[in-house]
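predicted structure and sequence below. I'll ask about it afterward.
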Amino acid sequence: MKDKLILPIAFCLFSFSLCLLQPPTPSDSRAGGGEIRKIYWWVVGGIASSNAAELKEIQERGYLIVAVKDNVRPLGFTDASGKLQGLEIDLARRLAAEILGKPDAVRLQPVANRDRISVVLEGKVDLTIARVTATSSRDRLVNFSLPYYLDGTALVTKDASLQKLDDVQNQKIAVLKGSDTISQVRFIIPQVELVGVDSYEEARSLLESGGASAFAADASVLTGWVQEYPQYRLLSVRLSGLPLAVVMPKGLQYDSLRQRVNDAIARWKAEGWLQERIKYWGLPQSDTPRFQTR
């Protein structure tokens, strides 16, 4: 009798788990849905992350493999000479020095947003340092380090009359269609009129033409915008706080690697090195999001 019950019960549990893990929706495809879809099918397919290298294997190999961004100034970008630069590139090289004794003992692998988590799950890289926000849903699949930067939604404008959130009320604000920014802006400054755009380029064109007074997006990305287009500036307020962290493989066998990474980040914060690099790259420094309107 027990044997006859095992398969039906197992099937029911499996079916229930798939119900909890909903397939990606059309809105997901606009808001980082490539990553969501890939992780969904990765989980449903039952692929294991046992291929990820442990600390001992990395040390024997002699170099780290780190997924990074190459188009997100000032976190990770390619400079005029073709060299990768940015805060996250500094972190990758510093971790290589920490673990292997040499800052150049690292292979930097540019990665698309949709692949930032999956390359760790599939063991293609040891770590991902690529503007990844630590979230509870992602934490089910991978581990995150201590945050190295608090990102969040900010506003960029070239209108000198806009200084605080009260000034933005009743204005037109550009936002990326389908992004989490929409709900954040509506909650903090509900009286604004939102104008959806499909890209950062479209947002800039809208601001240039006067079709919107400001653009709301992640502070880290908007910092690069201001560095490239100095006629713009960031408002000093932050609408949300999003912790950026190093993505690491999940499992007890990776405890040594996680401990080394976390110890290093904690020490860099205590010594002031991390704050110095954040300042060097022109990123807004804030330990907590700020919502003041006056």
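Cool, the structure landed. Residues are numbered from 1 along each chain as shown.

just give me the neighbour total for residue 175.
Neighbourhood size, residue 175 [other C-beta atoms under 10 Å]: 25. C-betas here are computed from N, CA, C, even on glycine.

so it, which state does it fall into?
With DSSP: H, G, I helix; E, B strand; the rest coil as the basis, residue 175 sits in strand.

poorly predicted segments of the chain, please.
1-50, 286-294 (pLDDT under 70).

can we see that at 90?
1-52, 164-165, 180, 236-238, 285-294 (pLDDT under 90).

ok now stretch 150-162, how far from the chain's centre?
A distance of 19 Å separates the centroid of the chain from that of stretch 150-162, by C-alpha atoms, centre = their mean, to the nearest Å.

contact partners of that stretch?
For stretch 150-162, contacts defined as C-beta atoms under 8 Å, 6 or more residues apart in numbering pick out 131, 133, 167-168, 171, 173, 181, 184-185, 207, 213-220, 222, 225-226, 231-235, 237-244, 284, 286-289.

buried residues, it. List them.
For stretch 150-162, burial by neighbour count (16 or more other C-beta atoms under 10 Å) applies to 150-159, 162.

using ChimeraX, make a named selection holding only the buried ones among the contacts of stretch 150-162.
Paste this into ChimeraX to select the buried members of the contacts of stretch 150-162, with burial taken from 16+ other C-beta under 10 Å:
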select :131,133,167,168,171,173,181,184,185,207,213,214,215,216,217,218,219,220,222,225,226,232,233,234,235,237,238,239,240,241,242,243,244,284,286,289
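
taking the contacts of stretch 150-162 one by one, which sit in helices?
Judged by DSSP state H, the subset of the contacts of stretch 150-162 located in helices is 167-168, 181, 184-185, 207, 219-220, 222, 225-226.

contact partners of stretch 65-85?
With C-beta under 8 Å, 6+ apart as the test, stretch 65-85 has contacts from 53, 86-89, 92, 95, 106-111, 115-116, 119-120, 124-131, 220-221, 223-224, 227-228, 247, 281-283.

just the buried subset of the residues you listed, please.
53, 86-89, 92, 95, 106, 108-109, 111, 115-116, 119-120, 124-131, 220-221, 223-224, 247, 281, 283.

right, and residue 51 touches residue 122 too?
Yes. Checked against C-beta atoms under 8 Å, the pair residue 51 and residue 122 is within contact range at 6.6 Å.

for residue 110, which non-adjacent residue is closest in space?
residue 70 (3.9 Å; C-beta to C-beta, 6 or more residues apart in numbering).

against residue 91, how distant is that neighbour?
Counting by C-beta to C-beta, to the nearest Å, the gap from residue 70 to residue 91 is 15 Å.

OK, contacts around residue 220?
Neighbour list for residue 220: 72, 74-75, 131, 149, 151, 244, 283 [criterion: C-beta under 8 Å, 6+ apart].

from residue 232, how far off is it?
Taking C-beta to C-beta, one finds residue 220 at 15 Å from residue 232.

which one of residue 70 and residue 91 has more residues nearby?
Between residue 70 and residue 91, residue 91 has the larger neighbour count (other C-beta under 10 Å), namely 27 against 17.

I figured that one hits residue 148, correct?
Yes. Using C-beta under 8 Å, residue 91 and residue 148 qualify as a contacting pair, with a distance of 6.1 Å.

now do the shared contacts for those two.
Common neighbours of residue 91 and residue 148 (criterion: C-beta under 8 Å, 6+ apart): residue 246.

SS state for residue 261?
Residue 261 - assigned by three-state DSSP - is helix.

what's the neighbour count on the closest residue to it other than its chain neighbours?
Here the nearest residue to residue 261 in space, its sequence neighbours aside, is residue 145; by C-beta to C-beta, 6+ apart that works out to 4.9 Å. Residues lying near residue 145 (other C-beta under 10 Å) number 24.
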